[in-house]
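Engineer: Next comes the sequence, and after it the predicted model I'd like to discuss.
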Amino acid sequence: MSANYLEHIRNIGIMAHIDAGKTTTTERILYYTGKNYKIGEVHDGAATMDWMVQEQERGITITSAATTCKWKSEIINIIDTPGHVDFTIEVERALRVLDGAVGVFDSVHGVEPQSETVWSQADRYNVPRLAFCNKMDRVGADFNNCVEEIREKLKKVACPIQLPIGAEDQFEGLVDLVEMRAKTFSSDDLGAKVIDGEIPESMQEASEMAREQLIETLADFSDDLAEKYLGGEELSTEEIKATIRRAVIDDNFIPVLCGSAFKNKGVQPLLDAVCDYLPSPLDRGEVKGHSAKDNEKEDSRKPDPTDLFSGLAFKITSDPFVGLLTYVRIYSGEIKVGQNIYNPLKKKKERVNKILQMHADKRTEIETARAGDIVALSGMKFTTTGETLCTDHKPIIYDLMDFPESVISVAIEPKTTVDEKKLLATLEQLKIEDPSFSFKNNPETGQLLIFGMGELHLEIIADRLLREFKVGVNVGKPQVSYRETISSAAQAESTFNREHAGKVQFGHAKIKVEPYDGKGTIAFESEVTKKQLPADFIEAIEKGIRDTAPGGALAGYPMINLKVTLLQAIYNEEESSEVAYVIAASQAFMDAIRKANLELLEPIMDLEIVTPSEYTGDVISDINQKRGHISSMGAKQNKELIHAQVPLAELFGYSTDLRSKSQGRASFSMEFAKYEIVAKDLAKKVLESKGIYI
């Protein structure tokens with residue numbers, strides 16, 4: 001089969017800060033492409049993509065939802081992602097498998113904190129983007145300010161390819177700067193009809209200047225276009241579109257569009273731009289990974305249905321009718337129902353029971369899926385989020401995803417003995433679905449703790465336990481999820497030498513631990529070569545260390561930001577075993593850690609507050625009392641914009657504090673920034689609250 005069909009596929013994500021209008025925009029896309037026969041509104045709890053009860057009640061997106069629609073001759077696979085920082089993992093795993101994205105911005109508020117977060121996630125995966133300045137009908141809408149903030153805050157070469165005709169309640173439509181035509185939208189059929197017309201006389205001069213600026217910007221990306229422009233030649237629409245497309249695919253340029261999804265204006269031109277400028281799987285080219293047999297050897301697959309099958313499992317959900325569904329982006333080859341595929345990380349074969357094309361929570365069974373498709377598979381027993389699926393005779397492994405740190409926990413307990421029997425199995429299932437969620441028993445208190453990204457995240461987990469899984473739980477107050485680290489270097493060694501099952505098990509390891517700025521990780525390296533100690537035993541030593549680190553050495557919090565070096569290992573050809581090296585390494589690690597000046601770390605949050613100027617003093621004073629410090633201040637639309645960093649421990653219930661300080665007129669958003677060492681006196685209090693006295 002020819003790969004030409006791939007030219008007509010667009011795999012895109014819709015991403016933005018909370019309440020910028022992502023889901024509303026997606027609903028209009030589904031309506032205008034004929035996927036839905038009516039428009040579902042977020043505020044009515046009727047949006048197609050917000051299908052969870054919790055989403056409908058709160059009017060926010062919690063889980064990324066996938067759907068497929070057709071616009072003109074192009075097939076568009078869309079993933080609508082959450083905007084709330086607590087569910088940032090949903091954006092992370094969507095961007096990992098997408099070819100392009102649409103960043104939606106609120107024209108009133110411009111670039112907001114979570115917009116910056118998702119933008120940096122897209123930068124990490126080199127995802128080409130368009131920007132859509134939404135809500136042009138709202139009071140305070142400022143298109144030029146929005147474009148300027150994209151340039152300044154997101155550090156991107158951005159330029160409008162449209163200009164709004166009017167703003168706020170005068171917003172009528174837009175000027176297309178590529179075709180130099182005005183586009184307005186009929187009001188009697190929910191904006192389905194796009195009316196093409198002449199540019200209003202009052203906007204002629206501004207449109208010509210904006211087009212000139214667009215072409216000057218594009219000249220930096222095309223020598224041919226620059227030569228024609230400087231020579232005074234007329235540029236065709238096709239030449240301009242081709243240059244924009246190349247610059248976008250190379251991730252050098254952000255075209256900025258405008259509209260009001262809620263008022264049904266500007267969505268069809270956005271769809272045209274998705275098809276014209278965002279890449280197809282063919283444009284993205286070969287997908288690189290490494291050989292499953294040799295980590296150092298690079299391997300790749302072509303986006304072609306005739307190549308060997310490969311794909312990435314990027315999301316797992318529980319379906320009440322089908323069981324666990326594994327969402328897979330297929331990069332190469334094809335799969336059929338009943339086929340066996342291979343997971344090289346788990347070294348297990350999986351059988352494809354069903355292939356489903358998803359439309360939010362609805363599904364259509366199909367027999368075959370090919371390169372470029374995003375589908376859900378049922379029947380996967382071993383595969384988890386971020387793992388590669390491929391053929392077993394030439395396996396490839398794609399890079400794993402990075403999952404964010406959980407910063408908050410609550411204690412839960414089952415309400416009845418029936419709930420107790422179901423609780424652990426249910427939590428295990430939720431952990432498979434959501435890698436940013438975890439749970440463990442606290443050995444000091446005997447409590448079961450669940451860990452998440454924020455208060456809302458844990459609230460949703462508790463709600464799902466009751467409604468979805470029918471498990472009743474009592475939930476305690478939120479607690480900060482601290483971490484442990486060291487501030488000095490130390491060494492230790494340990495030998496394990498015992499008889500087990502009639503055979504002597506021997507292992508010895510000498511290790512060094514030292515502080516390391518690893519951004520929440522533990523680095524491991526070995527000075528012992530594979531000639532001195534077989535590779536399997538070096539891996540066993542690393543495993544012993546990595547398995548021990550999450551249990552901590554001070555108060556049971558995970559260890560981070562340290563480097564472990566294997567200095568020496570004794571090898572006995574007859575008696576050495578992997579288990580013995582795991583145990584020896586674990587003991588040596590704990591002995592070294594206890595010598596290395598243990599420290600407690602607490603999560604620090606980036607806080608952005610928008611407040612009327614008259615309350616600025618009270619807000620700043622409150623931040624100072626919460627051990628926070630101001631990073632920057634500035635004006636934003638007749639209000640004060642305050643950036644601060646504050647320990648999470650001081651921010652429980654902050655929405656109530658801020659309302660009382662500003663008579664309900666200030667707003668804030670926050671996200672995790674980093675971990676910092678807790679002052680000795682405060683660390684002492686934290687440890688004493690856990691019954692630990694030092």
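Structural biologist: Cool, got the structure.
Engineer: Scan the helices and strands of the chain for the one with the lowest mean pLDDT.
Structural biologist: Of all helical and strand segments in the chain, the minimum by mean pLDDT, DSSP states H and E falls on helix 53-58, at a mean of 51.
Engineer: Quick check: can you name the pairing partners of the following helix or strand past that helix and their directions?
Structural biologist: Downstream of helix 53-58, the first helix or strand assigned by DSSP states H and E is strand 65-71. The strands beside strand 65-71 in its sheet (DSSP bridges) come out as strand 74-80 (antiparallel).
Engineer: Would you pull up how far the strand it pairs with lies from the middle of the chain?
Structural biologist: Relative to the chain's own centre, strand 74-80 is displaced by 18 Å; criterion: Cα atoms, centre = their mean, to the nearest Å.
Engineer: Send me the next helix or strand after that strand as PDB with only the CA atoms.
Structural biologist: Note on strand 74-80: by DSSP H and E, the next helix or strand toward the C-terminus is helix 88-97. What follows is helix 88-97, C-alpha atoms only, in PDB (Å, rounded to 0.1, in the frame of the first residue of the first chain):
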ATOM      1  CA  THR A  88      -0.400  18.300  33.200                       C
ATOM      2  CA  ILE A  89       0.600  14.700  32.600                       C
ATOM      3  CA  GLU A  90      -2.400  14.400  30.100                       C
ATOM      4  CA  VAL A  91      -0.800  17.200  28.000                       C
ATOM      5  CA  GLU A  92       2.700  15.600  28.300                       C
ATOM      6  CA  ARG A  93       1.600  12.200  27.000                       C
ATOM      7  CA  ALA A  94      -0.500  13.700  24.200                       C
ATOM      8  CA  LEU A  95       2.300  15.900  23.000                       C
ATOM      9  CA  ARG A  96       4.700  12.900  23.000                       C
ATOM     10  CA  VAL A  97       2.700  11.300  20.100                       C
END
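Engineer: tilt between helix 88-97 and strand 65-71?
Structural biologist: If you take axes from the mean of the first three to the mean of the last three Cα atoms, to 10 degrees, helix 88-97 sits at 40 degrees to strand 65-71.
Engineer: got the buried residues for helix 88-97?
Structural biologist: Within helix 88-97, the residues that count as buried by 16 or more other Cβ atoms under 10 Å are Thr88, Ile89, Glu90, Val91, Glu92, Arg93, Ala94, Leu95, Arg96, Val97. Yep, even glycine has a C-beta here, placed from its N, CA and C like the rest.
Engineer: same question, stretch 423-440
Structural biologist: Of the residues in stretch 423-440, 423, 426-427, 430-440 count as buried by neighbour count, 16+ other Cβ under 10 Å.
Engineer: for those residues, which one is nearest Leu282?
Structural biologist: Closest to Leu282 out of these is Pro435 (30.7 Å), distances taken as Cβ to Cβ.
Engineer: that's a helix at Ala592, yeah?
Structural biologist: Yes - per DSSP: H, G, I helix; E, B strand; the rest coil, Ala592 lies within a helix segment.
Engineer: Does it touch Ala509 like I think?
Structural biologist: No - the pair Ala592 / Ala509 is not scored as a contact, 10.4 Å apart, by Cβ atoms under 8 Å.
Engineer: neighbour count winner among the two?
Structural biologist: Ala509 (32 against 25; other Cβ atoms under 10 Å).
Engineer: low pLDDT regions in the protein?
Structural biologist: Per-residue confidence for the chain (pLDDT under 70) gives these ranges: 1-3, 36-64, 83-87, 360-361, 442-446, 637, 694.
Engineer: Can you tell me which residue sits nearest the middle of it?
Structural biologist: Glu92 (2.0 Å; Cα atoms, centre = their mean).
Engineer: ok, which stretches of the stretch 401-550 of the chain are strands?
Structural biologist: 408-414, 438-441, 448-452, 473-475, 479-480, 483-486, 490-500, 503-515, 522-526 (DSSP state E, counting those that start in this stretch).
Engineer: Check which residues of the first one are buried.
Structural biologist: Within strand 408-414, the residues scored as buried using 16+ other Cβ under 10 Å are Ile408, Ser409, Val410, Ala411, Ile412, Pro414.
Engineer: What is the nearest of the residues you listed to Gly103?
Structural biologist: Nearest member of these to Gly103, counting by Cβ to Cβ, is Ile408, at 27.6 Å.
Engineer: right, and the closest one touches Leu449 too?
Structural biologist: No - counting by Cβ under 8 Å, Ile408 stays clear of Leu449, with 10.3 Å between them.
Engineer: Quickly list what's touching both of the two.
Structural biologist: Counting by Cβ atoms under 8 Å, 6 or more residues apart in numbering, the contacts common to Ile408 and Leu449 are Gln479.
Engineer: returning to what we had before: could the buried residues of helix 88-97 be laid out in CSV, adding distance to Asn126?
Structural biologist: Below are the buried residues of helix 88-97 laid out as CSV (distance: Cβ to Cβ, whole Å):
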residue, distance to Asn126
Thr88, 19
Ile89, 19
Glu90, 20
Val91, 15
Glu92, 14
Arg93, 16
Ala94, 15
Leu95, 10
Arg96, 11
Val97, 13
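Engineer: What is the burial count for the nearest residue to Arg498 once chain neighbours are set aside?
Structural biologist: Counting by Cβ to Cβ, 6 or more residues apart in numbering, the nearest residue to Arg498 once its immediate chain neighbours are dropped is Gln505, at 5.8 Å. Gln505: 19 surrounding residues under other Cβ under 10 Å.
Engineer: In contact with Gln505, which residues?
Structural biologist: Shown in contact with Gln505 (Cβ under 8 Å, 6+ apart): Phe496, Asn497, Arg498, Glu499, Glu575, Ser577, Val579, Ala580.
Engineer: ok, 7 Å please
Structural biologist: Under the criterion of Cβ atoms under 7 Å, 6 or more residues apart in numbering, the neighbours of Gln505 are Phe496, Arg498, Glu575, Ser577, Val579, Ala580.
Engineer: The last one is in what secondary structure piece?
Structural biologist: Using DSSP H and E, the element containing Ala580 is helix 578-595.
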